[in-house]
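> This is the structure alone, sequence omitted:
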């Protein structure tokens, strides 16, 4: 049975930065492969492929790293446990659902990228609860512990929630006639992270040669909403990276640019960790 998460401790804790990749898991349970009407390659279309590797150097720079243990198509760690889909899970009352759940992207997803249905029929409520108990709850218990321990040690915590986005997701974004952004920062429109800190994060990414947008088309989901509490010294930023920068999206394999982009990301991770070092300039507290 796959692990709920993979935790990598810092070599020497030296920064308030915490890194997480909830959607890069690629250990597909046999139960999912048997139950799905999709082939393995199609199931992977929702995966943040290789993001775990792109940020794998974080512990070298003093930051803790948490990776999701199962793929997003099985359990979505970036949804609330309550975001259950009555169209997929038997025995649930139909009620007012979030747009994410209505589109099939609840905590137990009904579809993968492109709206392709994963299952032929419904899942039992017992199956959904078992997945949450086995995977979702342990992952979030560990992430909550990491945020608590980091805040206790450094007086603050900065969670970098790392994701990748399909290149086509950026159609229509960016200046008219201009280039699309390479990275989208999501801070829940200022609610999950102090604005001066987001400014510094954006500045680091731009200095690395990346084009940056904020909150469109991705403002952050459950993780940034739940863990970002700037007034308590806990900041959370979602970072979405265009997959075309490093991935052959059709084959879900590293592109010829992968090694160079991974090296670039290692430098960015080092700079983000430096933002959380004790001698770094503190950001003022902000209302949630």
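Thanks, I have the structure now. This structure is a prediction, so every number in the text was calculated from the model and none was measured.

> ok, the closest residue to residue 228 other than its chain neighbours to residue 63 distance?
Closest residue to residue 228 apart from its sequence neighbours, by CB to CB, 6 or more residues apart in numbering: residue 192 at 2.6 Å. Every C-beta, even on glycine, is put in place using the N, C-alpha and C of the backbone. Residue 192 sits 18 Å away from residue 63, going by CB to CB, to the nearest Å.

> Next: residue 123.
Relative to residue 63, and taking CB to CB, residue 123 is found at 36 Å.

> now swap in residue 255 and tell me
26 Å.

> Among these two, which residue is more densely surrounded?
Neighbour count, other CB atoms under 10 Å: between residue 255 and residue 63, residue 63 has more, with 29 against 16.

> Tell me if I'm right that that one and residue 276 touch.
Yes. Counting by CB atoms under 8 Å, residue 63 does reach residue 276; the two are 7.4 Å apart.

> Between those two, which contacts overlap?
Jointly contacting residue 63 and residue 276 under the rule CB atoms under 8 Å, 6 or more residues apart in numbering are 15, 17.

> so how far is the helix or strand hosting residue 224 off the chain centroid?
According to DSSP states H and E, residue 224 maps onto helix 222-227. With CA atoms, centre = their mean, to the nearest Å as the basis, helix 222-227 stands 10 Å off its chain's centre.

> ditto for stretch 111-128
Worked out by CA atoms, centre = their mean, stretch 111-128 lies 21 Å from the chain centre.

> residue ranges of the helices in the stretch 101-250 of the chain, please?
Applying DSSP state H, counting those that start in this stretch to the stretch 101-250 of the chain gives helices spanning 125-131, 137-154, 195-207, 222-227.

> Count the residues that sit near the nearest residue to residue 89 once chain neighbours are set aside.
Nearest-residue entry for residue 89: residue 128, 4.8 Å, with adjacent residues in sequence omitted and distances by CB to CB, 6+ apart. A total of 23 residues lie near residue 128 under the criterion other CB under 10 Å.

> I'd say residue 128 and residue 108 touch.
Yes. Here residue 128 reaches residue 108: they are 5.1 Å apart, a contact under CB under 8 Å.

> which of the residues in the least confident helix or strand in the chain by mean pLDDT are buried?
Sorting the helices and strands of the chain by mean pLDDT, DSSP states H and E puts helix 99-102 at the bottom, at a mean of 90. Using 16 or more other CB atoms under 10 Å as the test for burial, helix 99-102 gives 100-101.

> Likewise for stretch 238-255?
Under 16+ other CB under 10 Å, the buried positions of stretch 238-255 are 238-247, 249, 252, 254-255.

> ok, of these, which one's closest to residue 185?
residue 239 (6.2 Å; CB to CB).

> which residues does the closest residue in space to that closest one that isn't next to it in sequence contact?
Spatial nearest neighbour of residue 239, chain neighbours left out: residue 162 (5.4 Å); criterion: CB to CB, 6+ apart. Listed by CB under 8 Å, 6+ apart, the contact partners of residue 162 are 19-21, 48, 51, 54-55, 239, 241.
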